[in-house]
Structure formats: structure tokens, C-alpha cells
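Q: can you look at this prediction? I've put the sequence above it.
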Amino acid sequence: QVQLVESGGGLVQPGGSLRLSCVASGSIVSIFAMGWYRQAPGKQRELVATITSGGSTNYGDSVKGRFTISRDNAKNTVYLQMNSLKPEDTAVYYCNAQLRPRGYSGYGDYWGRGTQVTVSS
């Protein structure tokens with residue numbers, strides 16, 4: 001069974017920083033891409049950032065220049081460094097991985113349960 005577990009969320013003041021982590025565990029053969037999405041109350045889930053196993057990254061327009069995604073392939077872990085946080089960054093942040101579990105021939109989408117990030121003074 002595959003699990004994605006996020007950590008690092010919390011309450012931070014505007015202009016502050018947070019670092020999120022997500023570890024993928026279980027019977028995993030390989031992971032193609034990992035990333036972060038977020039969902040604010042009353043809004044659709046949106047892309048924050050993704051990173052492939054080769055290091056190619058993609059960012060949502062609203063976080064470019066402020067957030068940085070990184071990955072430790074050996075630890076099946078993805079990180080999101082969030083700087084210059086704004087109140088509009090408040091949301092539940094979900095970890096995503098496109099991975100191939102043991103016993104399967106293809107890749108599937110897997111999600112964590114989410115971690116709350118609140119930016120408020």
C-alpha cells in the first residue's frame with residue numbers, strides 16, 4: 001500500500017516562510033513526478049508546483065519567484081519552500097505523486113491527506 005504523508009504546515013504571518021515536506025512510502029517501484037497542489041475554501045484545487053525525477057520543475061503563476069520545489073529521489077521526498085507568504089496563500093496543501101506501485105505495470109496518481117497553511121497576522 002502506498003502512502004503520501006505531508007508535514008510542515010501551520011500558521012505564519014504575512015511575509016514569513018514555511019517549508020512543507022512529503023514522504024512517499026510503501027511498495028513503490030518508481031516515482032515519475034511529485035508535486036504540490038492547494039485548495040482554498042470555496043475554490044478549486046490548483047497547481048502549486050511539480051518536479052520530475054530528472055529535476056524539471058513547473059510552477060503556478062501565483063507562486064513563481066516565491067516558492068521553490070525540490071526533491072530527494074533517494075528518500076522519495078518532495079519539499080516546498082514557501083517565502084514571502086501572502087494571506088491568499090492560505091489553503092490546504094496536498095502532495096501528489098505519479099508513481100508505479102509494485103505489482104502494477106503503469107503509473108497512477110496518488111495523494112496525501114493535506115496540510116493546512118494559514119497566512120494571517
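A: Sure thing, it's come through. Numbers count the residues shown, from 1 in each chain.

Q: so the residue nearest in space to the middle of the chain, which of the three states?
A: A centroid search over the chain (C-alpha atoms, centre = their mean) returns residue 36, at 2.6 Å, as the residue closest to the centre. Here residue 36 takes the strand state, with states given by DSSP: H, G, I helix; E, B strand; the rest coil.

Q: quick check: residue 14 is in a strand.
A: No: counting by three-state DSSP, residue 14 is not part of a strand but coil.

Q: what's it sitting at in phi/psi?
A: The phi/psi pair for residue 14 (degrees, to the nearest 10) reads phi -50, psi 140.

Q: wait, isn't it in contact with residue 86?
A: Yes: counting by C-beta atoms under 8 Å, residue 86 is a contact partner of residue 14 at 6.0 Å. In this view, the C-beta of every residue, glycine as well, is placed from N, C-alpha and C.

Q: between those two, what contacts are shared?
A: With contacts taken as C-beta atoms under 8 Å, 6 or more residues apart in numbering, residue 14 and residue 86 have residue 119 as neighbours in common.

Q: count of residues packed around residue 3?
A: Counted with other C-beta atoms under 10 Å, residues neighbouring residue 3 total 12.

Q: which ones are touching the residue nearest to the centre of the chain?
A: The contact partners of residue 36, taken as C-beta under 8 Å, 6+ apart, are 20, 22, 48, 49, 50, 69, 78, 80, 93, 94, 95, 96.
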